[in-house]
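J.: attaching a predicted model along with its sequence, questions to come.
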Amino acid sequence: MVMTPEKTASPWKARLKVHGWSIGQGIFLAGAFGYLYASVLPDLVADWGNDPDYSHGFLIPVLSVYFLWERRHALAQLPVQPSPVGFLVMLLGITVLLLGQVGAELFLMRVSLVVLIAGLVLYHGGWRYLKGMAFPIVFLLFMIPWPAIILNALTLPLQLLAARLSTSSLQMMNLPVYREGNVIFLPHATLEVVEACSGIRSLVSLLALAVMFAYMTQRHIWKMAVLVVSATPIAIIANAFRIWGTGVLAHVYGPQAAEGFYHTFAGWLVFVIAFVLLTVEGAAMSRFGKKYMHINNTFAKNGDEIGWLSTV
């Protein structure tokens, strides 16, 4: 009697089967996404390439995939418990897409993509899978340009705030300066804080960077929230510092010193300064947590456990 070895499925096919997927399903979903977003995704990529404010959009999907790859082993251990609620979420995503198409609203059409991905994960994997993949999915929102109504509402207040802060800083140096709206007058130069100098560009990019940095360096939700929220004042202060530096150069060396290379270099410098401030803040918060965790362990050894310290 001759024994023939039983054929077994290859490991990757077995994993697809366990997780409720097949090659056919994958092809069908890829085709469905391609059909639904055939006009949405090319325009989105074009915005990344044409709008300097959102050039970071190219990195967001790559980073989301990296975050998924990083937790691939934990996800593989989760039980597959498909939820019918996911189908409703997918319907919501498609509805948002149709509303965006009817109203010619790009933001809604692009957001619907993230909603649809969340619905697919919930429908095929269940709530635990959605929870495990929540951050990479939500992080995709940073690849979507903000709607014009929000940008227009923020730009002018940021222009005025940046002009006010930089003017106050110049006055503290006893420089002869005064301001009218978003225009700063110096003896030998006039500086106008235009929309490009409002700081909205660095704010959009810095928020995405702050979320990524908080996720990778902090283990507690409240610390992540503090880092992300602090990105806004940090971006504003860094931008005001750039305008202040421009004013000082224009006063000392003339208006030509604040143009050309310096103007371009200062934009990068602002972002570097803001990132350094975020890094310092993150390091301080991590040190703060270790300090109080040490205190908590000391009390625990003495039999006096203080519960709230363990959550720091």
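T.: Arrived safely. Numbers count the residues shown, from 1 in each chain.
J.: and Leu92, what element?
T.: helix 85-102 (DSSP states H and E).
J.: flag every buried residue along that helix.
T.: Gly86, Val89, Met90, Gly93, Val96, Leu97, Gly100, Gln101 (16 or more other Cβ atoms under 10 Å). (C-beta placed from N, C-alpha, C; glycine too.)
J.: quick one, what contacts the fourth one?
T.: What that stands for is Gly93. Gly93 makes contacts with Ser112, Leu113, Val114, Val115, Leu116, Ala118, Gly119, as judged by Cβ atoms under 8 Å, 6 or more residues apart in numbering.
J.: now do the first one, the pLDDT please.
T.: At Ser112 the predicted local confidence, pLDDT, stands at 92.
J.: and it, what are its phi and psi?
T.: Main-chain torsions, Ser112, degrees, to the nearest 10: phi -60, psi -30.
J.: again, but for the fifth one
T.: The phi and psi values for Leu116, taken as degrees, to the nearest 10, are phi -70, psi -40.
J.: check contacts around it.
T.: Phe33, Leu36, Val89, Met90, Gly93, Ile94, Leu97.
J.: and those, which is closest to Tyr123?
T.: Taking Cβ to Cβ as the measure, Met90 is the one of those closest to Tyr123, at 6.4 Å.
J.: where's the closest one relative to Val96, distance?
T.: Distance, Met90 to Val96, by Cβ to Cβ, to the nearest Å: 11 Å.
J.: which residue, other than its chain neighbours, is closest to Gln81?
T.: Distances taken as Cβ to Cβ, 6 or more residues apart in numbering place Gly126 nearest to Gln81, at 3.5 Å, with adjacent residues excluded.
J.: contacting residues around the spatially most central residue of the chain?
T.: The C-alpha lying nearest the average C-alpha coordinate of the chain belongs to Ala208 (Cα atoms, centre = their mean; 2.3 Å). Residues near Ala208 by Cβ under 8 Å, 6+ apart: His56, Ile60, Phe142.
J.: my read: Leu160 touches Asn182, true?
T.: Yes: judged on Cβ atoms under 8 Å, Leu160 makes contact with Asn182 at a distance of 5.8 Å.
J.: which among the contacts of Ala208 gets closest to Tyr253?
T.: Closest to Tyr253, out of all of those and judged by Cβ to Cβ, is His56, at 33.0 Å.
J.: for the closest residue to the closest one other than its chain neighbours, grab phi and psi.
T.: Nearest residue to His56 in three dimensions, chain neighbours excluded: Ser205, at 5.0 Å (Cβ to Cβ, 6+ apart). Torsion angles at Ser205 (phi, psi; degrees, to the nearest 10) stand at phi -70, psi -40.
J.: can you pull the pLDDT of Ser205?
T.: For Ser205, the model assigns a pLDDT of 82.
J.: joint contacts of Leu160 and Asn182?
T.: In contact with both Leu160 and Asn182: Val193, using Cβ under 8 Å, 6+ apart.
J.: more neighbours: these two, which one.
T.: Asn182 (20 against 15; other Cβ atoms under 10 Å).
J.: need the contact list for that one.
T.: Counting by Cβ under 8 Å, 6+ apart, Asn182 touches Leu156, Gln159, Leu160, Ala162, Ala163, Glu192, Val193, Val194.
J.: which is the next helix or strand following the helix or strand where the second one lies?
T.: Think Gln159. Here Gln159 sits within helix 148-172, counting by DSSP H and E. Downstream of helix 148-172, the next assigned helix or strand under DSSP H and E is strand 178-180.
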